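1. output the structure for:
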Amino acid sequence: MRAAFRDGIGCVILPPDQTLADVDQLPILTLPYPDDDPATTPWPQGDLVTSTSLPSYVDDAALEAASEWALIGSHPSRTHSVC
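-> Okay, here's the model as predicted:
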């Protein structure tokens, strides 16, 4: 699997039949810059993350335990961050 950085849109995954030599032949995308300030625009369109409550059907303790299991420890199969 290969990824290529595209100015203005970031990294994109290339299809299996394409190589890095094909990157210059990909279409050029010119995307407008967002009108709103990312710091004040809610995620996922912006960077603002607001606090919300978990739905009642989510078990807080189970979610916390799963997060700790995934993030704590040095085994290479463990996750190092969660977005």
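
2. could you use CA atoms for every contact and neighbour count after this?
-> Noted.

3. so residue 3 sits in a helix?
-> No - assignment of residue 3 by DSSP: H, G, I helix; E, B strand; the rest coil gives strand, placing it outside any helix.

4. before we move on, what SS does the closest residue to it other than its chain neighbours have?
-> Leaving aside its chain neighbours, residue 3 sits nearest to residue 13 (4.3 Å; criterion: CA to CA, 6 or more residues apart in numbering). Three-state call for residue 13 (three-state DSSP): strand.

5. contacting residues for residue 13?
-> Neighbour list for residue 13: 1-4 [criterion: CA atoms under 8 Å, 6 or more residues apart in numbering].

6. quick one: contacts for residue 32?
-> Counting by CA under 8 Å, 6+ apart, residue 32 has no contacts.

7. tell me the span between the first and last residue of stretch 29-37.
-> Distance across stretch 29-37, first residue to last, is 22 Å (CA to CA, to the nearest Å).

8. now do it, average pLDDT.
-> Averaging pLDDT along stretch 29-37 gives 81.

9. in it, what counts as buried?
-> Within stretch 29-37, no residue counts as buried by 16 or more other CA atoms under 10 Å.
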